[in-house]
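*Asks:* I'd like to go over a predicted model; first the sequence, then the structure.
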Amino acid sequence: MSIDTAPTVSATALDATSGAATRRDILHRLLMTLGPILAALVIAGCILLAVGVDPLAYYGYVLEKGLFSPLGIQQTLTRMAPLLFLAAGLIVAFRAGMWNLGGDGQFLLGAVTAAASAPVFIQIMPSWLALICSFLIAMVVAMIWSLVPALLRAYQGVNEIITTLMMTFLGTSLANVLVKLVFRDPGTTVPQTRTLPVEDRLPRLFETTITSGLLFGLAAIIIVHLVMTRTAFGLKLRIVGANPRAAIHSGLGVPALTIAVFAISAGLAGLAGAVDIIGVQGNVRADWNPAYGLAVIPAVFLARMNGFAAIGFVFLLSVLSIGGESAARRLGVPNHFTLVLVSIVLIVLALAEYFDHRYYQSRRA
Amino acid sequence: MTGLFSEVFLSALLFGAVTAAIPLLLAGLGEQMSEKAGVLNIGIEGMMLAGAYLGFVGAFYSGSLWLGFLTGAAGGAAVALVMALLCVRIGLNQIVIGIALTLGLEGLTALLHHFQFSRSYPRLPAADATVIPLLSDIPVIGPAFFKQHLIVYLAVALVFGMRYVYRRTQLGLNLQAAGDKPAALDVAGIDVVRTRTIAVLTTGALAGLGGAYLANVGAGLFIPFITNGAGFLGIVLAMLARGRPIWVLFGALLFGVCLSLTTAMQVAGINIPTDVIQMLPFLAVMIMLVLFGRRASLPAALGIPYERGAR
Amino acid sequence: MSSLSSSSVVGRDIVALEGVTKRFPGIVANDGIDLAIRPGEVHVLLGENGAGKSTLIGMLSGLQQPDEGRILVDGKPTPITSPRHALSLGIGTVFQHMMLVPTLTVAENLLLGGPWWQRPRTEELAARVADITSTLGITVKLHAKVSELSLGEQQQVEILRAMVRNSRLLILDESTSMLTPKGIDELGALMRRLVEQGLAIVFITHKLKEAAAFGDRISVLKLGRKVGEIPPERFRALGEQEIISEIVELMFGKQKDDPEAVERPVRTVRAEAAPLLQVADLAVAPTDNAPGLSSISFDIRPGEILGIAGIDGNGQKQLAEALAGQRAATGGSVRLEGVAIEALSVGERRQRGLRYLTDDRLGEGTVGTFPVSINFFLKQVGAAPLWRNGVEQRAEIDRRAAQLVREYDVRTPSLKTPIARLSGGNIQKVLLARELAEGAKVVIFNKPTYGLDLANTVASRQRIRDTAARGLAVLLISTDLEELLSMCDRIAVIANGALVGTVANADDARTRVGRLMIGLAA
Amino acid sequence: AEVKSIAILTPEEGTDYGWNQQGIDAAKAAGKAAGVEVVVAQGLGYGDVRPTLRELASDGASLLIAHASGYNTSAPEIAKELKVPVAIVDTPTGLEKGLVADYTLSGHQGAYLAGRLAAKMSRSKSVGIVVSGEPPSWNSQSAAFAQGVKAEKPDVKITYAVIGPAAYSDAAGGKRVTESVIAAGADIIFGQGNGSSFGMLQAVETTKAADGGKVYFIDVIGDKSPIDKGFLLSSVVWNIEPVYAAMIADLKADTFGTKHYTIGLQDDSVKLLKTAAIPDNVWAEIQALREDVISGKIKVDPVYDAAAVRALMTSVAQ
Ligand SMILES: Nc1ncnc2c1ncn2[C@@H]1O[C@H](COP(=O)(O)OP(=O)(O)OP(=O)(O)O)[C@@H](O)[C@H]1O
Ligand SMILES: Nc1ncnc2c1ncn2[C@@H]1O[C@H](COP(=O)(O)OP(=O)(O)OP(=O)(O)O)[C@@H](O)[C@H]1O
Ligand SMILES: [Mg+2]
Ligand SMILES: [Mg+2]
């Protein structure tokens, strides 16, 4: 079950990264992204009309509060930081043909360990070092958590969809147990970890509320993209993903690569948790689970596992979720409408990509 | 502690386990069918939600549970139709569409509930049970297993029906071929797209029925997000069962029993955080996988759209 | 068999192609092809790799639709819209690539296609199969899983399946490539019987002798065009040698002689040289779907070609994989230049100069979705100068790939084309180029010319000989006895996972190998 | 200071006959009384509400009411960042003058009375507590309910069951667990849960007690009588309006952030709902007990910790 790009896709992907992307290509891409989004907005608008809400007003607020107001764009960019790390981790896994669906568990455990360690470290070492240590701990814990699926897949051939889903259910519960029983802040009645003071969190960018985690997230996803497309290591992972038997035949150490993939992917998910906690939240509450993974997975696929495209889609998701919440409140629509909107956007984007691809094919033939 | 675990109580626990297992069973059986035919149906949670909502609407307005099950199954199948069109017919990415459908139906059913029921919270009367004579007189087990709504027996019968289909009919062969080597099925003169469409629609109907059961019998009402991840459990069950319906049944019961065990342990006054108890079924499955994990035999073409003559 | 009587009007075409054209991105696979397929004839289709034979078959069996031109069935223009439609028209096809479901049994595969609500009619099938197999002279294990069968056995099942369906047009795309010489002869006889009953047969092969022996009419494709046809009247008038030389002329122009003529190897193997590869008592445990190996021992000296003959599925693949390190050995030793390598990984063995050309091109030999260029270097990922400090050097990779494409005459629309879109033969050329790259000391060739057209077969054999001449040790695994006789210094015969004997390739080698293969002492 | 508008943020929609609805209704009522505009941001979930807080603040809200314990970290941070007053729950230590006020809502006094009521009314001498999770405010009510039961009749059995972690919307789970608890003998269920409480109510409506009679339900926070089918015995109703009204007053008087706001029996901000199912004589006895609680004659101490509650339940189980 190869999830590497469909035949034609990897060819185009290779073309796209060969640096020969012309202006027309970029324009085309832009059209092929904005067009479908517009179409999706029209469809969702019909639903709004049906429930008696002015779609134009709604979208006006989405744009204003998610994108064009200084406050809105700052919120949007801040929201992107953990999503970018998650997307980076998923790109590694999916390109290597491993369905790491355990991102949420890895994310939460990373978040909890970062939240538990940062306030302690901050007391005993310079704050920059403390934060680095917390990031490292979050990453390592998430990596260790992925070891079971990794080993089972590498040496027993046990399908990782089952194991990672299992581990994510387990990880969510374990994170709760840790918060409630082990790392609980004795100073509050509400079960949560100790809070990292605002001034000790990741610095904000310039005079804004944007977390510098955004920069780390961007760096992570771009590095991942370059490694996967330009290096021997990335190619080896892609070979394992596209045809594991060919990988064995070619003499690649498939078990070791498999474990590496899980470690990197989970490590990035753990960092996503850490960057959310250390950058924004400051602590972890019991039963907290933002379940970012579910929205990031389709974004990564729509981006065809291309890091730069993924940044775009993550940005889109953030605008929709920040702006959608605000618009819903102002117009008296339940916030659940945002889910419907995201869903329609995803489906229409997928459709558009398909028709674009078909058109491209028929032109070449 | 004496008398705590009265016969009635034990039997209620078991009854609860069965009730909790049925939606998982139906979802798992459905997912299994899709997977057999080569479609990874991640949208099953959405199909269950559609089934739960429409099933409740049907039962509530008509006053008939059976009509509710019917509308629920139809609702699930309607969502599956979208999935079949997008993923089977034109070959869009199954994961993108699956997740999109789940998100969309979470939002849509919550919206509809908001406008329709969020002031009145209508609830259905108790589902009447079909009592199986003699068997239901067995202490503890009898009332739990043999005093259930007729649909429960049908769901269990479905396990054997599925088993028959997979092992003894051409359709079973077709499904397996569609998942393992669709091109071979195609050149044998069977339309792969149609076969997979049938599988996905069946999945939708079963998931919808599971959702309807959850809402109408399990809860007796509909509220947003009522499925709480049951669809994802269904995916896990289907994968663990590796094509065998019987194993879906066992798996679903294991989860159901673990849920009731949580209650039992609390009532017994065993002071363990619920989070820890909740981990039990997953831990059990992980340990089984570690100990007995064999080479997974998922269908070779799982998740890959079929296009005739493509290289 | 009622369809037969109506269509056995001699001379009427069952199927005719008129100006059929099919394009794929970057290539015209079929270019205005006219073809007549008549009952009572074996119509042989010949052509180089990538000439468009399989594409033509794809259109006849409903897998693909022509871009231009039309197909007539029984004289009426009939678009063949689906494989089901093709079957209902009485067109049965054995495809070049296996079309069996590996997880189903043979019987279930044969039953595939029945009405969905029915119970599979196993008894009915068993009776029909017994009928056909007795005339065919083969045996099939109806209840074995297909994945447990060797490629040769699978090919037999595919032929059987086409027969079970009562086709009136039977298409065989390279169906002899995995059969034993005896099997090929039997298939030839069967085809003869079938056309005598009024069937039409389209037979694709790369072996000109088969074409001459079994055909009634021959059409030759070249670069998508039909470049010639030998009608039955002429065919009957000519002898085998004349037919072959006429075909060769059609395919390659005038210059070439019979390329299949057996050449005796004229190399001198220095007998005193130390063996490059020494295998002693190699054993492999059997698995669910593959036989094991027991006490395999042989040596190969520099410059020597050792052949492994045997019926497909007797452990050839296991032997190759155990040597390459892809399969765990349970005992014995493997020495390369005197150094034990049995504990080394696939990559380490390759590093030391052990190369393995697999017979499973699409399954493990290539990554189908990756471009041709990358597939050339699949086993060198990370190595300089194609990668520097782990970073890909695109220009260098493309330069080298372009060079190999030229050198090995790989027909591909571009370097970026996903390799799975090439024709079978052209994929094979990429693999050959890859395994013969610098640093090789011992090369294992597993069915190196299977599916290659004549010219490429000749070229590849020459390359293998040159390889040996450069002082490398070659292990040549093949089911094609002619090939082994034409190339090897010694030939070992494998049966049931054991080497049952080794003979020097002298004048009586053919009979001695033949005796070993059927279980007699050489 | 001048108070033009206040905003309230809730995790779920204000249609739950419970925590969210009571909060929103109270804010609206308090706002109306004070002539202040009220902005409602509902259904925000339990994730990050900083964007909403910032936006509401930038829209000019004079007070942000962060009506969920999950907002306790973010709201004070935004208060400091934007210098806008916020009110948070369950954080007595978080007061900051002019910026952060705390309101710790605990209906434990009412739950104690509910326990007394349940013990009086139980025919089977067995009552059940079903909760969907174990947040502090529910813990204190569970514990107080159990104390009330034991104070009334020490021989009444109490069955305590948690549906599961974060099972707030698990209506089927609520029904299943409630049915088990009823099977264990309970004929009165004290239920706490958001969406899942409707499942509990459904179980009560459709399951017969061991003696074949009705099972009754005691709800918390909200008043479900509009949707009752005759099985609602009572509810520990919270009225948060006085709290919000006091906050607005304190803002105007520049004393915001100097006091804790609570609810309790004395001003009827916590009260037991009287339904037709409660006989008048029983109700009179309960009213008398209410006086005792208010006067301090009966002391009810809140227990917030989940482990402590579970320990308590084990100790009183028989
Ligand atoms: N999902 C699974 N996990 C662990 N073990 C399994 C699983 N499925 C099957 N097994 C093991 O494999 C054995 C064979 O399974 P099973 O009895 O289901 O085979 P079967 O008879 O072919 O199928 P059926 O269930 O249809 O009768 C079982 O005894 C069981 O121990
Ligand atoms: N589905 C396809 N997509 C793109 N190109 C294709 C496709 N099928 C065939 N081709 C191209 O069409 C040409 C003809 O291929 P075809 O398989 O018909 O050759 P062939 O004559 O059967 O060769 P061989 O003897 O090697 O099997 C080749 O260049 C091949 O790359
Ligand atoms: Mg071919
Ligand atoms: Mg070929």
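*Replies:* Thanks, I have it. Ligands and ions are numbered 1, 2, ... in the order given.
*Asks:* mind listing what residue C:387 touches?
*Replies:* With contact set as Cβ atoms under 8 Å, 6 or more residues apart in numbering or on different chains, residue C:387 has these partners: A:231, A:232, C:381, C:393. The C-beta positions use only the backbone N, C-alpha and C, and glycine is treated the same way.
*Asks:* out of these, who has the most neighbours?
*Replies:* residue C:381 (24 neighbours; other Cβ atoms under 10 Å in any protein chain shown).
*Asks:* From chain B, how far out is it?
*Replies:* Here residue C:381 is placed at a distance of 24 Å from chain B (Cβ to the nearest Cβ, to the nearest Å).
*Asks:* Residue C:70 now?
*Replies:* The gap separating residue C:70 from chain B is 18 Å, by Cβ to the nearest Cβ.
*Asks:* That residue should be in a strand, yeah?
*Replies:* Yes - the assignment for residue C:70 is a strand, going by DSSP: H, G, I helix; E, B strand; the rest coil.
*Asks:* what is it paired to in the beta sheet?
*Replies:* residue C:18 (DSSP bridges).
*Asks:* what's around it, how many residues?
*Replies:* Residue C:70: 13 neighbours (other Cβ under 10 Å).
*Asks:* just to revisit the earlier point, ok, so of the contacts of residue C:387, who is nearest ligand 2?
*Replies:* residue C:381 (24.6 Å; Cβ to the nearest ligand atom).
*Asks:* and the closest one, backbone torsions?
*Replies:* Phi and psi for residue C:381, reported as degrees, to the nearest 10, are phi -60, psi 130.
*Asks:* Spell out whether the helix or strand containing residue B:72 and chain D are in contact.
*Replies:* Element membership for residue B:72 (DSSP states H and E) is helix B:65-83. No - applying Cβ under 8 Å from any Cβ of the partner chain, one finds helix B:65-83 out of contact with chain D, separated by at least 12.6 Å.
*Asks:* of all the contacts of residue C:387, which two lie farthest apart?
*Replies:* Within those, C:381 and C:393 form the most distant pair, 12.2 Å apart (Cβ to Cβ).
*Asks:* All the strands of chain D, residue numbers only.
*Replies:* Ranges of strands in chain D, per DSSP state E, are D:5-9, D:37-41, D:63-66, D:86-89, D:100-104, D:126-131, D:157-162, D:188-192, D:216-221, D:232-238, D:260-262, D:270-272.
*Asks:* Any idea how many residues pack against whichever residue of the stretch 1-150 of chain D sits closest to ligand 3?
*Replies:* Nearest to ligand 3, among the residues of the stretch 1-150 of chain D, is residue D:47, at 56.7 Å (Cβ to the ion). For residue D:47, the neighbour count with other Cβ under 10 Å is 18.
*Asks:* Was I right to think it contacts residue A:287?
*Replies:* No - in this structure, residue D:47 is not within contact of residue A:287 by Cβ atoms under 8 Å, at 11.3 Å.
*Asks:* So for the two, which residues contact both of them?
*Replies:* Between them, residue D:47 and residue A:287 share no contacting residue under Cβ under 8 Å, 6+ apart.
*Asks:* Please verify my assumption that residue C:114 contacts residue B:170.
*Replies:* Yes - if you go by Cβ under 8 Å, residue C:114 and residue B:170 touch, sitting 4.6 Å apart.
*Asks:* Give me the common contacts of these two.
*Replies:* By Cβ under 8 Å, 6+ apart, the residues touching both residue C:114 and residue B:170 are residue C:120.
*Asks:* pretty sure residue B:46 is in a helix, no?
*Replies:* Yes - Residue B:46: assigned to a helix according to three-state DSSP.
*Asks:* and it, how many residues sit next to it?
*Replies:* Per other Cβ under 10 Å, the neighbour tally for residue B:46 reads 34.
*Asks:* any low-confidence regions in chain A?
*Replies:* Scanning chain A for pLDDT under 70 picks out A:1-22, A:361-365.
*Asks:* Up against ligand 1, what does it have?
*Replies:* Contact residues, chain A versus ligand 1 (Cβ under 6 Å from any ligand atom): none.
*Asks:* follow-up on the earlier one: skip ahead from the helix holding residue B:72 and say which helix or strand is next.
*Replies:* helix B:94-116.
*Asks:* what's the angle between that following helix and helix B:65-83?
*Replies:* 140 degrees (axes from the mean of the first three to the mean of the last three Cα atoms, to 10 degrees).
*Asks:* Check the average confidence over helix B:94-116, would you?
*Replies:* On average, the pLDDT along helix B:94-116 is 92.
*Asks:* Residue 167 - how many residues pack around it?
*Replies:* Just going to use chain A. Residues lying near residue A:167 (other Cβ under 10 Å) number 27.
*Asks:* actually chain C
*Replies:* 22.
*Asks:* From residue C:90, how far off is it?
*Replies:* Residue C:167 sits at a distance of 5 Å from residue C:90 (criterion: Cβ to Cβ, to the nearest Å).
*Asks:* could you point out where the stretch 151-300 of chain C is predicted with low confidence?
*Replies:* C:253-271, C:288-290.
*Asks:* Now with 90, please.
*Replies:* By pLDDT under 90, the low-scoring segments of the stretch 151-300 of chain C are C:151-167, C:173-194, C:196-198, C:205-213, C:222-224, C:227-275, C:285-295.
*Asks:* residues in contact with residue 198?
*Replies:* All of this is about chain A. Residues in contact with residue A:198 (Cβ under 8 Å, 6+ apart) are A:282, D:77, D:80, D:81.
*Asks:* Actually, chain D is the one I wanted.
*Replies:* B:121, B:123, B:219, B:221, B:223, D:171, D:174.
*Asks:* before we move on, back to that, now which of the contacts of residue A:198 would you call buried?
*Replies:* By neighbour count, with 16 or more other Cβ atoms under 10 Å in any protein chain shown, the contacts of residue A:198 hold A:282, D:77 as buried.
*Asks:* The helix or strand harbouring residue C:245 near ligand 2 anywhere?
*Replies:* For residue C:245, the host element (DSSP H and E) is helix C:240-252. No - Helix C:240-252 does not reach ligand 2 (Cβ under 6 Å from any ligand atom); its nearest approach is 11.9 Å.
*Asks:* Okay, and the beta partners of residue D:103?
*Replies:* residue D:89, residue D:261.
*Asks:* Mind pulling the model confidence for it?
*Replies:* pLDDT, residue D:103: 89.
*Asks:* hang on, it packs against residue D:92?
*Replies:* No - contact criterion Cβ under 8 Å: residue D:103 and residue D:92 do not qualify, at 9.7 Å.
*Asks:* Do you have the strands of chain B handy? List them.
*Replies:* For chain B, the strands defined by DSSP E cover B:130-131, B:147-148.
*Asks:* mind checking which of those is nearest chain D?
*Replies:* Proximity to chain D (Cβ to the nearest Cβ) singles out strand B:147-148 among the strands of chain B, at 12.6 Å.
*Asks:* Correct me if wrong: residue D:67 contacts residue D:6.
*Replies:* No - the criterion here is Cβ under 8 Å, and residue D:67 misses it with residue D:6 at 11.4 Å.
*Asks:* Give me the common contacts of those two.
*Replies:* In terms of Cβ under 8 Å, 6+ apart, residue D:67 and residue D:6 are both contacted by the residues residue D:27.
*Asks:* These two - which one has more neighbours?
*Replies:* Shown here are residue D:67 and residue D:6; by other Cβ under 10 Å, residue D:67 has more neighbours (30 against 26).
*Asks:* From residue C:96, how far out is residue C:49?
*Replies:* Distance of residue C:49 to residue C:96, computed by Cβ to Cβ: 11 Å.
*Asks:* same deal with residue C:491?
*Replies:* Here residue C:491 is placed at a distance of 28 Å from residue C:96 (Cβ to Cβ).
*Asks:* Compare those two and say which is more crowded by neighbours.
*Replies:* residue C:491 (27 against 19).
*Asks:* ok, now which ones touch that one?
*Replies:* C:306, C:307, C:308, C:309, C:484, C:485, C:502, C:503, C:505, C:509, C:513.
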